[in-house]
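Asks: Structure for this input, please:
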Amino acid sequence: MLKISDTSTPVLVLRAESHGGLNILRSLGRLGVPIYILDGNPWAPSFASRYCRRHFLWDIESKPAEESLAYLIEISRIIGRPAILIPTTDYASMFVAEYGPTLKYWYLFPEQQSELVFVLCSKKGMYGLARQHGIPTPGASFPTSRDDVLRFLRSARFPVMLKGIDGQRLWNRTRKKMVITHTPAELLEKYDAFEDPENPNLMLQEYIPGGEDSVWMFNGYFDEASNCLVGFTGKKIRQCPVHVGCTSLGVCLPNSQVESVTKTFMKAIDYRGILDIGYRYDARDHQYKVLDVNPRIGATFRLFVDENGMDVARALYLHLTGQPVSVSRPVYGRKWIVEDLDFVSSLRYHREGQLTLVQWLRSLRGIDEAAFFASDDLLPLVPMCLRRAGELFRRIGQKLAIVAPTTPRPFPSGSEPVGAARLEESCLCSAGVPQVHLENKQTQLSRHI
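Replies: You can find the predicted model right below:
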């Protein structure tokens, strides 16, 4: 098993409310690396982990950027030496890219072109970059008005994906990042409900038919010359939300075509650091088409481990501390689950008639690792379960008209989720989608998108 000879360099994780941050703690903490956490949620499960050396309560996504920068410098002074900085969200990645020239005197991280990070965090920018380099990607249109949508409908083929160019901004506005529309009327209805006419943020994307098993992922780490030191492929078994969300149950499997396309793409754009990228296989033309490029560590990264225990977080640590990154064969067939998300998505798949009880039980066989449960680190389960229980009681109370909602809901009329959908929304928030995110801050760092 993997051992790190020098673990003296600490790590600071930027935002660790989700299971992704918790898994970074466990992956590196089990090897003896001192881990620090910065997050704005006092009930973040990561704060309860035995591997958390110390946590700092600060919401980098809502505080003024200059204050966050000053606080990060103060944290570096508290830690006493430069730490490796690992952002876990698009916003945190853009922040590090934007203020990298200052942060590099206090922290260690792959020096990435800031413009590239901004472009990859924008679905419109990513689409243009993929087209520029000949990388297959679903067809898309970027309307700036309702008239543009009406013109699109003259030749549209349904279903059509309606997505946020900036997914976080759309989430803040509607509590959704994308929807599948099946008719012109439905598309217009959703567009009118979701779009901000003063600051257009919606795209219309070709829907690629196929089940969840057509959705593939690549996780890797690229050095300063954009060479892939570690790379893994796998596919989703279930997603939350169903059909359009993050991985709730996945399996590591070989896919040389996805691996080759990704390495070629990243080399062409001079990418450095950890990468999480998603594809969908299009049986119509037998191509893997890129859907999203996340210029950061993904919450699913612990699905991908080699026979010696290497993952992308460990590869980053070794490379940035000048230690050799030795890799072996990936553990193909390895399964990984996010317990709460997968419970919700399984209910949804069952209601759609796509998952029977027997199929669900079979799908759980051979799971190698869970996002929250770990026999050597049980405490993070407590805040996660309390949060789920609180959400359940709130839903029951609201349904019985005993408890009123405690905060205003920003949903368009008639679109507020009920039942399992509300729990699904809560699960998404814990998966790295913050409940509060100031628009002016997002605009500040996404001006290049």
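Asks: So what's the gap between the strand or helix carrying residue 168 and the chain middle?
Replies: Of the helices and strands defined by DSSP states H and E, residue 168 is found in helix 167-174. Relative to its chain's centre, helix 167-174 lies at 14 Å (C-alpha atoms, centre = their mean, to the nearest Å).
Asks: and that helix, what's its mean pLDDT?
Replies: For helix 167-174, the mean pLDDT works out to 80.
Asks: Can you check which strand is longest in the protein?
Replies: strand 228-240 (DSSP state E).
Asks: On the C-terminal side of the helix holding residue 168, identify the next helix or strand.
Replies: Moving toward the C-terminus from helix 167-174, the first helix or strand encountered (DSSP H and E) is strand 178-181.
Asks: So which residues make contact with the helix or strand following that following strand?
Replies: Proceeding N to C from strand 178-181, the next assigned helix or strand is helix 184-194, under DSSP H and E. Outside of helix 184-194, the residues that reach it under the criterion C-beta atoms under 8 Å, 6 or more residues apart in numbering are 143, 146, 149-150, 153, 156, 158, 160, 162, 164, 170, 173-174, 176, 179, 181, 202, 204, 412-413, 415. C-beta here means a position set from N, CA and C on the backbone, and glycine is covered the same way.
Asks: try it again with 10 Å
Replies: For helix 184-194, the surrounding residues in contact (C-beta atoms under 10 Å, 6 or more residues apart in numbering) are 143, 146, 148-150, 152-154, 156, 158-164, 170, 173-174, 176, 178-181, 183, 201-202, 204, 411-415.
Asks: My understanding was that residue 258 contacts residue 216; is that so?
Replies: Yes - in this structure residue 258 lies within contact range of residue 216 using C-beta atoms under 10 Å: 5.2 Å.
Asks: The lengthiest helix in the chain packs against which elements?
Replies: Ranked by residue count, the top helix of the chain under DSSP state H comes out as helix 381-399. Contact analysis of helix 381-399 by 3 or more C-beta pairs under 10 Å, 6 or more residues apart in numbering; DSSP states H and E lists helix 339-351, helix 420-430 as its packing neighbours.
Asks: Could you check that helix and say which residues are buried?
Replies: 381, 383, 384, 387, 388, 391, 394, 395 (16 or more other C-beta atoms under 10 Å).
Asks: In strands, which of the contacts of helix 184-194 fall?
Replies: Reading strands off these with DSSP E, I get 160, 161, 162, 163, 164, 178, 179, 180, 181, 202, 204.
Asks: The fifth one bridge partners, please.
Replies: Residues found in beta-bridge contact with residue 164 (criterion: DSSP bridges) are residue 202.
Asks: so it touches residue 176, yeah?
Replies: Yes - in this structure residue 164 lies within contact range of residue 176 using C-beta under 10 Å: 8.3 Å.
Asks: Name the residues contacting each of the two.
Replies: Taking C-beta under 10 Å, 6+ apart as the contact rule, residue 164 and residue 176 both touch 170, 194.
Asks: Am I right that residue 265 is in contact with residue 134?
Replies: Yes - shown here, residue 265 and residue 134 form a contact pair, counting by C-beta under 10 Å, at 9.1 Å.
Asks: Looking at the two, which has the bigger crowd around it?
Replies: residue 265 (21 against 10; other C-beta atoms under 10 Å).
Asks: on that earlier part again, which of the contacts of helix 184-194 are buried?
Replies: Neighbour counting over the contacts of helix 184-194 (16+ other C-beta under 10 Å) leaves 143, 148-149, 152-153, 156, 159-164, 170, 173-174, 176, 178-181, 201-202, 204 as the buried ones.
Asks: tell me which element residue 274 is part of?
Replies: strand 273-282.
Asks: Neighbouring strands of the next helix or strand after that strand in the sheet, and parallel or not?
Replies: Under the assignment DSSP H and E, the closest C-terminal helix or strand after strand 273-282 is strand 287-294. Using DSSP bridges, the strands paired with strand 287-294 are strand 273-282 (antiparallel).
Asks: Return the alpha-carbon coordinates of the partner strand using CSV.
Replies: Coordinates of the C-alpha atoms in strand 273-282 are reproduced here as CSV (Å, rounded to 0.1, in the frame of the first residue of the first chain):
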residue,chain,number,x,y,z
GLY,A,273,-3.5,20.1,-11.7
ILE,A,274,-6.4,17.8,-10.8
LEU,A,275,-9.1,17.3,-13.4
ASP,A,276,-12.7,16.0,-13.2
ILE,A,277,-14.3,15.7,-16.6
GLY,A,278,-17.6,14.1,-17.7
TYR,A,279,-18.6,12.5,-21.1
ARG,A,280,-21.7,10.9,-22.6
TYR,A,281,-21.5,8.1,-25.2
ASP,A,282,-23.5,8.9,-28.3
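Asks: Can you point out the buried residues in it?
Replies: For strand 273-282, burial by neighbour count (16+ other C-beta under 10 Å) applies to 273, 274, 275, 276, 277, 278, 279, 280, 281, 282.
Asks: just stretch 57-74 next, same as before
Replies: 58, 59, 60, 61, 62, 63, 68, 69, 72.
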